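S.K.: Quick check, what structure comes out for this input:
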Amino acid sequence: MRAVDYYRLPVYSSFMIRRALIAFLVLGLFATALSAGPGRDGQYIMLSGQSLDYHRDLDRGLTLWHFEKEFYIPGLEKCAAWVVSYGMKSYGGSWDVSFLRSGRTVDLENGPHTATYQAFDLNGRSFFLKKLALRPYFLGGITIPFIRVKGGSFYRGKTLNASYFGAGLNVGAGLWFDVGPSVFINAAVMYRWVGFLYAYGEGKGRDINDLRVGYMGPEFGRMLRTDVLTLTVGVGFVL
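M.R.: Here you go, the predicted structure:
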């Protein structure tokens with residue numbers, strides 16, 4: 001029994017030491033953030049990674065028809081994305097324009113193909129605790145998304161590419177941490193509501209409302225809809 005206790009003691013102590021070191025590191029960062037002021041204002045570039053969780057019409061595969069042409073809308077489900085942003089930071093908040101891109105492989109009738117979700121976002125942030133280096137904020141903005149599915153449209157035996165265009169709104173909250181005069185870290189949770197209005201299959205665009213569920217079936221009768229929960233972490237540089 002003593003041998004077992006003697007063996008376990010160093011493991012337990014090492015675990016406790018690691019937890020204590022992490023706790024001290026976190027407390028140190030918060031102490032630094034609370035004692036330091038915000039970094040400098042100006043134009044910035046930010047690089048971010050996002051985790052996207054799609055719901056509604058984009059968490060399953062869906063096929064819609066326009067007479068003899070099929071449009072395949074893939075189920076994107078959970079995936080990762082990268083984001084590049086350019087914006088302006090001030091004492092009270094920030095705004096930026098972002099480009100987001102994520103992709104995955106989907107299985108179609110003629111084999112695996114690539115589906116990409118891309119979007120241009122315009123977002124604004126309103127800071128709280130403005131005199132500190134660590135500032136919470138609320139976020140609001142708009143998004144212009146488009147999905148491209150290589151080989152995702154079929155017409156009389158011919159394989160075409162398919163694209164879907166729409167618009168949506170962003171809301172969220174996060175933390176902005178100035179770790180230096182010109183460097184900051186951004187972390188946020190954002191909710192996107194998106195509606196896709198038009199489908200293209202290398203030809204004239206079609207109103208998604210007018211597409212049909214099945215060959216010569218009933219009209220779909222609405223736009224494609226999805227809501228997306230986004231978790232993002234990024235690092236930025238004031239120019």
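S.K.: make it CA atoms for all contacts and neighbour counts henceforth
M.R.: OK.
S.K.: quick one: contacts for the nearest residue in space to Leu62 that is not next to it in sequence?
M.R.: Excluding its sequence neighbours, the residue lying closest to Leu62 (Cα to Cα, 6 or more residues apart in numbering) is Ile73, at 5.1 Å. Ile73 makes contact with 58, 61-64, 149, 152, according to Cα atoms under 8 Å, 6 or more residues apart in numbering.
S.K.: do Val183 as well
M.R.: Neighbouring residues of Val183 by Cα under 8 Å, 6+ apart: 39, 235-238.
S.K.: From Glu219, how far off is it?
M.R.: Noted for Val183: a distance of 52 Å to Glu219, by Cα to Cα, to the nearest Å.
S.K.: Near Lys202, how many other residues are there?
M.R.: Heads up, residue 202 is Glu, not Lys. Per other Cα atoms under 10 Å, the neighbour tally for Glu202 reads 12.
S.K.: Low-confidence bits of this structure, can you list those?
M.R.: Along the chain, segments meeting pLDDT under 70 span 1-36, 107-111.
S.K.: could you pull out the helices for it?
M.R.: Secondary structure of the chain (DSSP state H): helices at 2-35.
S.K.: Break down it into its strands, ranges please.
M.R.: 42-54, 62-66, 69-73, 78-89, 93-108, 111-127, 134-155, 158-178, 183-200, 206-207, 224-238 (DSSP state E).
S.K.: tell me the most buried of these?
M.R.: Highest mean neighbour count of the strands of the chain: strand 69-73, a mean of 23 (counted as mean count of other Cα atoms under 10 Å).
S.K.: partner strands of that one, parallel or antiparallel?
M.R.: strand 62-66 (antiparallel), strand 134-155 (antiparallel) (DSSP bridges).
S.K.: Run the angle between it and strand 183-200 for me.
M.R.: 160 degrees (axes from the mean of the first three to the mean of the last three Cα atoms, to 10 degrees).
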